[in-house]
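K.L.:
Next come a sequence and a model predicted from it.
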Amino acid sequence: MNTFKQEFTLKYLKQDLSTSIAVFLVAVPLCLGIAHASGTPLLSGLIAGILGGLVVGVFSQSSLSVSGPAAGLTAIVASAAMELQSFSALLVAVFLAGLIQILLGVLKAGIIGEYIPSSVIRGMLAAIGIILILKQLPHLMGFDKETEGVQSFVVHSNELEGAAHSNSHEWGGTTFTMLWDAVHNMQWHIFLIGIAAIAVIVLWDKTLGKSLKMIPGSLLAVVVGTLLAFAYGISQQDLNLDIHHLVQLPRINSWSAFVEQTSFPDWSTLFNLKVYTIAFTLAMVASIETLLSVEAIDKLDVHKRHTSTNRELLAQGFGNSISGLVGGIPMTSVIVRSSVNQVSGAETKLSAIFHGVWLLLAVIFAAPLINLIPLASLAAVLIMTGLKLAHPSHFKAMYRDGWDQFVPFVVTIVAIVLSDLLIGVLIGLGVSSAFILYSHYKSEVVSIVQEKNYTRLIFAENITFLNKARIVSILDSIEEGSEVILDLSSCKFIDHDVVESIQDFRDHCFERYIHVLIESHDNSLKQMSSQRHVDRLKTLSETV
């Protein structure tokens, strides 16, 4: 069976179909919420979600990743729309951003994702889990003030329900203040819907869900929550949930209705330099978030499948280019939706593709039905997903792996929860890099052997820039009046900066009355980093 058939296998069709519905139900409020927070038409978020399934889902190699509008791009999109003063101009930037991503995929820039430390990726997953819990608890309690899909710690005024689409980024609170306000403004009848939905998921997963894997507990939870909300409405009028506590999906049942609620690119803005600057920014940030998400979701895959990051950039590029053409906001591979996909039991990429189909059909035909779903039941699904991502067992496993893994893991979590995804990951990378540098400094890249009246320093096969500090430290520790042999005969690669350090030591050793001889072999020098390095080492070499 070739790769294409493996990606589209129908072996798990029933399971992928049911899972796709669970992902679709979660994706609806997230698409709408992110569009609202970005200050763009609500339909633009749905368009991005649809294309994330139908375009990216088809071209991507990932079996579990789900693409759509991303919370990490809301600030960029909102400020870009304000700077360009036109959503139509922003769509041109989205289109160009997609072309840049395609170019990145062709240039195989996706390899960058392979260099993100595992501790940072796992910290990112746990942080997303904690954020889901903190952000969804207010919705579970009926406090639906903050827009769905927002993940940043600081809440801006444009991210609150009822806020005008002014692109204003005035401070509106934090994740913790929203949670505190929710506790003091809890609506117990809505909270009961959320608790019932959680109970359904837990009981289903522990009982019939083990044998009936094609029916995810999250789907049943949404059904039960919707039925409870409906029962409130017919039993007691004052318990009826108003529109702010329900999904708000716009209905597009004609081409004219579609045109009224969206825009198309204004190609005259191609002569505006700001459009290209924004396009490049969107392409870079969207690509980084996608690479992070894909790496993270691959770690959740029970089958340990590996996604081609270069192909993922191509898929995202196709998706964003088309999104810009038809009125959608930019998209990335999204951890939240992908995590729900994995937790609900998806096996192949068909789940992501079908979630796009359901989004399209819902917008055209099923908006009145979808709008009966309470946000509290969807919050229950996301909270349970968050609990699995941030399960205590993950913390224990990272602690057992040692401090060099545990510290970057925890720092990444705290940084992401208290800032946002990209800033948190950068901080985590910084801490992880510090541990990597320290481990290289302590590594035994040079063996010291005492032979009669001289000291032999035997260099390892591969000497990189990261080993420079250790080697300089060893050379500086050689006592005055010593006789030293620098044995480079085993080296297959030696970094340019290390060569310079050896040269500096050789040039100044007479000041310390140190006699230095260098051993090397031409056949090993040929395998070094460049001919220039070979020539330089040859000038250093003396036959002992």
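P.N.:
Nice, I can see it. Numbers count the residues shown, from 1 in each chain.
K.L.:
which stretch of helix or strand covers residue 457?
P.N.:
For residue 457, the host element (DSSP states H and E) is strand 454-459.
K.L.:
Work out the sheet partners of that strand and label each with its direction, please.
P.N.:
Here strand 454-459 is paired, per DSSP bridges, with strand 446-451 (antiparallel), strand 483-487 (parallel).
K.L.:
Just the mean pLDDT for the shortest one, thanks.
P.N.:
Averaging pLDDT along strand 483-487 gives 88.
K.L.:
With stretch 312-330 instead?
P.N.:
On average, stretch 312-330 scores 96.
K.L.:
which SS class is the residue sitting nearest the centre point of the chain?
P.N.:
Nearest to the geometric centre of the chain sits residue 293, at 3.1 Å (Cα atoms, centre = their mean). Secondary structure, DSSP: H, G, I helix; E, B strand; the rest coil: residue 293 is helix.
K.L.:
Provide a list of residues in contact with it.
P.N.:
Shown in contact with residue 293 (Cβ atoms under 8 Å, 6 or more residues apart in numbering): 65, 332-335, 338. Using the backbone N, CA and C atoms, a C-beta is placed for each residue, glycine as well.
K.L.:
repeat that with 6 Å
P.N.:
Counting by Cβ atoms under 6 Å, 6 or more residues apart in numbering, residue 293 touches 333, 335.
K.L.:
Which pLDDT value goes with it?
P.N.:
Looking at residue 293, its pLDDT is 93.
K.L.:
what does residue 140 give?
P.N.:
pLDDT at residue 140 comes out at 94.
K.L.:
How much space separates it from residue 331?
P.N.:
Using Cβ to Cβ, to the nearest Å, we find residue 140 at a distance of 27 Å from residue 331.
K.L.:
Just to check, residue 126 is in contact with residue 391?
P.N.:
No. Using Cβ atoms under 6 Å, residue 126 makes no contact with residue 391, being 8.4 Å away.
K.L.:
Show me which of those two is the more surrounded one.
P.N.:
residue 126 (23 against 13; other Cβ atoms under 10 Å).
K.L.:
which SSE is the more buried one in?
P.N.:
Assigned by DSSP H and E, residue 126 falls in helix 118-140.
K.L.:
Which positions in that helix come out as buried?
P.N.:
Across helix 118-140, burial judged by 16 or more other Cβ atoms under 10 Å covers 119-140.
K.L.:
and that helix, what other elements does it pack with?
P.N.:
Under the contact criterion of 3 or more Cβ pairs under 6 Å, 6 or more residues apart in numbering; DSSP states H and E, helix 118-140 touches helix 175-184, helix 273-300, helix 375-389, helix 403-418, helix 421-442.
K.L.:
With respect to residue 53, which of those lies nearest?
P.N.:
Taking Cβ to Cβ, helix 273-300 is the member of the helices and strands packed on helix 118-140 nearest to residue 53, at 15.1 Å.
K.L.:
What is the following helix or strand past that closest one packed up against?
P.N.:
With elements assigned by DSSP H and E, the helix or strand that comes after helix 273-300 is helix 309-326. Applying 3+ Cβ pairs under 6 Å, 6+ apart, one finds that helix 309-326 contacts helix 42-51, helix 87-106, helix 273-300.
K.L.:
can you pull the contacts of residue 424?
P.N.:
Residues near residue 424 by Cβ under 6 Å, 6+ apart: 412, 415-416.
K.L.:
The residue nearest to it when sequence neighbours are not counted: how many residues sit nearby?
P.N.:
Nearest residue to residue 424, sequence neighbours excluded (Cβ to Cβ, 6 or more residues apart in numbering): residue 416, at 3.0 Å. For residue 416, the tally of surrounding residues (other Cβ under 10 Å) stands at 28.
K.L.:
Appreciated, that's everything.
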